[in-house]
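**Q** have a look at this fold, sequence not included:
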DNA sequence: ACGCCAATAATGTATATACATAAATACGCG
DNA sequence: CGCGTATTTATGTATATACATTATTGGCGT
C-alpha cells in the first residue's frame, strides 16, 4: 500500500484545474511512467481501483476505464479478486516497418524510378504450391519489375495477383504504375504475412541488380489476404548492401497506431 | 443510416439473455465483423453512438466504451462532431516474432547446444561509436558465442553488455548459461530496436558457421533499453540456409498481447 | 490434516445523468 | 457574395450507483 501511495500529485481535494490535462490522462501517464521507468517491474501489483480512486479523489469508473485501457494495451494484466499486475513485456515481438520502396528511396535523396520487366496473365499453375494456394482453379496476373534508386537498381519484385479476388487489376497499366502503389490505393486487405530471408544472388538476379554473383540480398516475401481470400503474393529482393529492415518494440504502441 | 441499421441481433427489446456473451462483447464483435469482412471499408462512417445505443437498447456509456476500445486498437478513428470512421489498416507495419534461438532449434526437433567462444570485461572503446553509445565512460562485458542445432552451427552471437546498467552480469558464468536467457530472466527492459540485414559471410565467420565463404547470412542487431539507459547490444548472425524471420499483420492485435 | 462451503474482496459490466469540447453547419450582417 | 459568429451535434470526460462474476480466503466439520 505504501508503494502505491507515492504516486505524485494525487489527492488534491477539488484541485484548481488550470490548463491541466484531463484526469484520466494524468492517471494513465502516472501509471505508465511508473512501469516504463522500471519502478514497478513485471509482476508488481498496481494499486487496487478503490485505492487509486481514493488517491485521485474520483469515481471508480474513471480509474476502471484507465486501468482497462492499460490492460488492453498489454501493459498490465488484471485478475479478478487478486488485483492488477504489471505484465512482462513480450520482447520477443516487435513492430516491423514494412518498407514502401518509393518512399524509402526518395527518403535517402535519390531519384526513384520503376521499370516493368514482364507481365503475364494466365491460369494458376497447379505445380507451383504457392501459386495454387493463391488462386486455386483461378487466373493470376504475374508481374516482374525493378525499382531503381537513381541509376542503381535497388530491388527486384516478382508478384502474383489473384484475378478472382481483384479482377480490376486486369485493366491496369502496370507499365505506368507500380503494382504495390496501385494495390494500396484500390484493394482493402485485412491480414498479411511476411517472410524475411537472406539469399545469395543467382546470376540472372545479380545481373539485374548490378551486383556480383552471390552477393547477399534481403528477400521479403509477402502474402496478403482479404478475409479468407488470398489477394497477392510478392517476393521483393533488395540489394543487401543498400538496404536493411528495422523493427522496434515499445510497450505502449499498437501496430495500427492506436 | 440504413447502412447502420443492418447490424443483426440488435433491438431485441429486453432480450432473453441465455448463455450469451456480455452486451459489450456482442457490440464489439458485430462491429469488428463488419470491418474485417470488408463490408465497412476504410473511411466508412460507423453508426453514431446514439444510433448504436438505440439499436442495442443500452446506455451511451456502454457503446462509448466499446467504440473507444476499437479506436484504441486502431480499427477506427473518431472525430468530434463528425463521427467515427473505419481506419485504413496500416499494413506497412507488422508484428515480428523475434526468435528465441533455443526454442527455434528445439522446435525443429534438433538438439540445442550453446558454446561460449570468448568473454572479456573492459572499458568501452571510444573509437567504436556503437560501443561508446552503449556505455559512455563505463565498462562493458563482451561475449562471443555460438548456437548449435545438433552438430551443425546455427548462429553466431556477439554481445556487449553495459556493466553500469547491469553490474550483476559480472558475476555470471556465461559458459554455463547463454547471455540471452540470463538477461531475459534477470533484467527488465522497456524498449528494443532491431535491425535486420543480409550479409555475405566473411572467412572467419564462414568457418565458425561451417558454410562456404560468402554465403548469405541473416544478421539481426538488437539494442535494448531500460528507460534512457542502454542495456545491451547484440549481433546475431544466422545461417541463411537454415533460418528466416516471419512477421504477421492482423488488425486487432497488439505487440504486447492485449 | 483434509476437503467442502460460505464469506469476502477484487474486477467486470451496465445505467442514467451531467457538463466540456471541438468541429461542422447555419445564420446574419456588411 | 463573403466572412465572422452563433448554433448544433457528436464525441470526451466524469460521477454515483447497482449488480454480476470469480478467485481467494477463512472457517467449519469430519
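**A** Sure thing, it's come through. Note that the structure is predicted; figures quoted are calculated from it, not measured. Residues are numbered from 1 along each chain as shown, chains lettered A, B, ... in the order given.

**Q** tell me the residues of chain A that contact DNA strand D?
**A** On the criterion C-beta under 7 Å from any atom of the strand, DNA strand D has as its neighbours in chain A the residues A:22-25, A:57-62, A:79-82. The C-beta positions use only the backbone N, C-alpha and C, and glycine is treated the same way.

**Q** max pairwise distance over the residues you listed: which two?
**A** Using C-beta to C-beta, the two most remote members of the residues of chain A next to DNA strand D are A:22 and A:81, lying 29.9 Å apart.

**Q** DNA strand C contacts on chain A?
**A** Taking C-beta under 7 Å from any atom of the strand as the measure of proximity, chain A contacts DNA strand C at A:48-50, A:60-61, A:64, A:67-68, A:71, A:78-84.

**Q** returning to that earlier point: restrict the residues of chain A next to DNA strand D to contacts with chain B.
**A** Filtering those for neighbours of chain B using C-beta under 8 Å from any C-beta of the partner chain leaves an empty set.

**Q** among these, pick out the one closest to chain B, please.
**A** Of all the residues of chain A next to DNA strand D, chain B sits closest to residue A:61, with 8.1 Å by C-beta to the nearest C-beta.

**Q** just give the nearest non-adjacent residue to residue A:168, would you?
**A** Closest residue to residue A:168 in three dimensions, ignoring its sequence neighbours and counting by C-beta to C-beta, 6 or more residues apart in numbering or on different chains: residue A:186, at 6.6 Å.

**Q** count of residues packed around the one you found?
**A** 11 (other C-beta atoms under 10 Å in any protein chain shown).

**Q** do the one 10 residues further on as well
**A** Here the neighbour count serves as a burial measure; for residue A:196 (other C-beta under 10 Å) it reads 21.

**Q** do I have it right that it meets residue B:247?
**A** Yes: counting by C-beta atoms under 8 Å, residue A:196 does reach residue B:247; the two are 6.9 Å apart.

**Q** so where's the stretch 51-200 of chain A uncertain?
**A** Residues of the stretch 51-200 of chain A that meet the criterion pLDDT under 70 are absent altogether.

**Q** secondary structure class for residue A:88?
**A** The three-state assignment at residue A:88 reads coil, by DSSP: H, G, I helix; E, B strand; the rest coil.

**Q** before we move on, what about residue A:78?
**A** In terms of secondary structure, residue A:78 is strand; the call rests on three-state DSSP.

**Q** partners of it in the sheet?
**A** Judged by DSSP bridges, the bridge partners of residue A:78 are residue A:84.

**Q** just list the residues touching it, thanks.
**A** Contacts for residue A:78 (C-beta atoms under 8 Å, 6 or more residues apart in numbering or on different chains) come out as A:67-68, A:71, A:84-85.

**Q** 10 Å - rerun?
**A** With contacts defined as C-beta atoms under 10 Å, 6 or more residues apart in numbering or on different chains, residue A:78 is in contact with A:46, A:49, A:67-68, A:70-71, A:84-85, A:87.

**Q** quick revisit: which one of residue A:22 and residue A:81 is surrounded by more residues?
**A** Neighbours were tallied for residue A:22 and for residue A:81 using other C-beta under 10 Å; the higher tally belongs to residue A:22 (10 against 4).

**Q** quick one on the thing from earlier: export the residues of chain A next to DNA strand D to a markdown table and tack on distance to residue A:103 and secondary structure?
**A** Shown next, in a markdown table, are those (distance: C-beta to C-beta, whole Å; DSSP: H, G, I helix; E, B strand; the rest coil):
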| residue | distance to residue A:103 | secondary structure |
| --- | --- | --- |
| A:22 | 35 | coil |
| A:23 | 40 | helix |
| A:24 | 36 | helix |
| A:25 | 32 | helix |
| A:57 | 48 | coil |
| A:58 | 44 | coil |
| A:59 | 46 | coil |
| A:60 | 46 | helix |
| A:61 | 43 | helix |
| A:62 | 41 | helix |
| A:79 | 44 | strand |
| A:80 | 46 | coil |
| A:81 | 50 | coil |
| A:82 | 47 | coil |
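
**Q** among the residues you listed, name the buried ones.
**A** When burial is judged by neighbour count using 16 or more other C-beta atoms under 10 Å in any protein chain shown, the buried members of the residues of chain A next to DNA strand D are A:23, A:58, A:62.

**Q** can you show me the strands along chain A?
**A** Counting by DSSP state E, residue ranges of the strands within chain A are A:45-46, A:76-79, A:83-86, A:93-97, A:112-123, A:139-149, A:152-162, A:191-200, A:216-226, A:229-239, A:245-249.

**Q** ok, residue A:225 - contacts?
**A** Applying C-beta under 10 Å, 6+ apart, we find residue A:225 in contact with A:162, A:165, A:189-193, A:231-232, B:249-250.

**Q** hmm, try it at 6 Å
**A** Each residue near residue A:225 by C-beta atoms under 6 Å, 6 or more residues apart in numbering or on different chains is listed here: residue A:191.

**Q** partners of it in the sheet?
**A** Under the criterion DSSP bridges, residue A:225 forms beta bridges with residue A:191, residue A:230.

**Q** export the residues of chain A next to DNA strand D as JSON lines, with columns for distance to residue A:209.
**A** Supplementary listing: the residues of chain A next to DNA strand D in JSON lines, determined by distance: C-beta to C-beta, whole Å:
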{"residue": "A:22", "distance to residue A:209": "53"}
{"residue": "A:23", "distance to residue A:209": "57"}
{"residue": "A:24", "distance to residue A:209": "53"}
{"residue": "A:25", "distance to residue A:209": "50"}
{"residue": "A:57", "distance to residue A:209": "65"}
{"residue": "A:58", "distance to residue A:209": "61"}
{"residue": "A:59", "distance to residue A:209": "63"}
{"residue": "A:60", "distance to residue A:209": "61"}
{"residue": "A:61", "distance to residue A:209": "59"}
{"residue": "A:62", "distance to residue A:209": "58"}
{"residue": "A:79", "distance to residue A:209": "54"}
{"residue": "A:80", "distance to residue A:209": "57"}
{"residue": "A:81", "distance to residue A:209": "61"}
{"residue": "A:82", "distance to residue A:209": "57"}
